[in-house]
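K.L.:
need coordinates for the below:
(2 chains)
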Amino acid sequence: GENVEQHPSTLSVQEGDSAVIKCTYSDSASNYFPWYKQELGKRPQLIIDIRSNVGEKKDQRIAVTLNKTAKHFSLHITETQPEDSAVYFCAARKAGGGNKLTFGTGTQLKVEL
Amino acid sequence: NAGVTQTPKFQVLKTGQSMTLQCAQDMNHEYMSWYRQDPGMGLRLIHYSVGAGITDQGEVPNGYNVSRSTTEDFPLRLLSAAPSQTSVYFCASSYGTNEKLFFGSGTQLSVL
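P.N.:
I've put the predicted structure just below:
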């Protein structure tokens, strides 16, 4: 089955700096890659997603890039703010596999003042 | 429009007890699923349903049962709770199998 690896497990940045979280996936049939943000004690919230026919997608300070050849995708957060502090999860979904997401193990992002 | 609603928010069980975690959505979503979240392991799929009357197993189905008698509801049953089932459980739904997945607020379960 699909396997998603996520790095780093923890990331600490200064406010205003950029943060990058990287994921790799194993199944070349995967074609949908969402990113979720989870604040302490809350539900995972979808923040951005990308499909395999697109190489990059941007939404204000957040961007996701996808390299299908290398099976890599990354989340980029620019001008980080304290409210960006949370756990971020990447996930992958295979074409024709229903809506079954395989998640990475999460990255704890801390934005320090 | 309440979205995805889960009850209860917290539950403590003794080993061997049974219980049902409730999940309901009011968005007319065809697809519903259950995930468990454990520290350092991300979210793992337990069971899912692509429509009323249709269910299937995910990655970690052992010890759990589901049914989908209506489009709105997708309960998760623990027949004989074990300490290994201590976890946070999330229900999630989407309009179709190729659409964005939205999560409920979660149920924190402890099995003693």
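K.L.:
pretty sure B:Ser87 contacts B:Arg36?
P.N.:
Yes: at 4.3 Å, B:Ser87 and B:Arg36 qualify as touching, with contact defined as Cβ atoms under 8 Å. For glycine as for every other residue, the C-beta is placed from the backbone atoms N, C-alpha and C.
K.L.:
now whichever residue of chain A sits closest to chain B: phi and psi?
P.N.:
At 3.8 Å from chain B, A:Phe103 is the closest residue in chain A, using Cβ to the nearest Cβ. Torsion angles at A:Phe103 (phi, psi; degrees, to the nearest 10) stand at phi -100, psi 150.
K.L.:
who are the neighbours in contact with it?
P.N.:
A:4, A:89-91, B:42-44 (Cβ atoms under 8 Å, 6 or more residues apart in numbering or on different chains).
K.L.:
could you do B:Thr15 as well?
P.N.:
Counted by Cβ under 8 Å, 6+ apart, B:Thr15 has contacts B:81-83, B:111-112.
K.L.:
in ChimeraX, how would I select the buried members of the residues you listed?
P.N.:
Of those, the buried ones can be selected in ChimeraX as follows, counting by 16 or more other Cβ atoms under 10 Å in any protein chain shown:
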select /B:81,111
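K.L.:
closest one to chain A out of the contacts of B:Thr15, please.
P.N.:
Using Cβ to the nearest Cβ, B:Val111 comes nearest to chain A of the contacts of B:Thr15, at 19.8 Å.
K.L.:
just the local confidence number for the closest residue to the residue of chain A closest to chain B other than its chain neighbours, please.
P.N.:
Spatially, and ignoring its direct neighbours in sequence, A:Phe103 is nearest to B:Gly42 (3.8 Å; Cβ to Cβ, 6 or more residues apart in numbering or on different chains). B:Gly42 carries a pLDDT value of 88.
K.L.:
cross-check the contact I'm expecting between B:Gly42 and A:Gly106.
P.N.:
Yes: here B:Gly42 reaches A:Gly106: they are 5.7 Å apart, a contact under Cβ under 8 Å.
K.L.:
tell me, how many residues neighbour B:Gln6?
P.N.:
Neighbour count for B:Gln6, taken as other Cβ atoms under 10 Å in any protein chain shown: 21.
K.L.:
please, which helix or strand holds it?
P.N.:
When elements are assigned from DSSP states H and E, B:Gln6 belongs to strand B:4-7.
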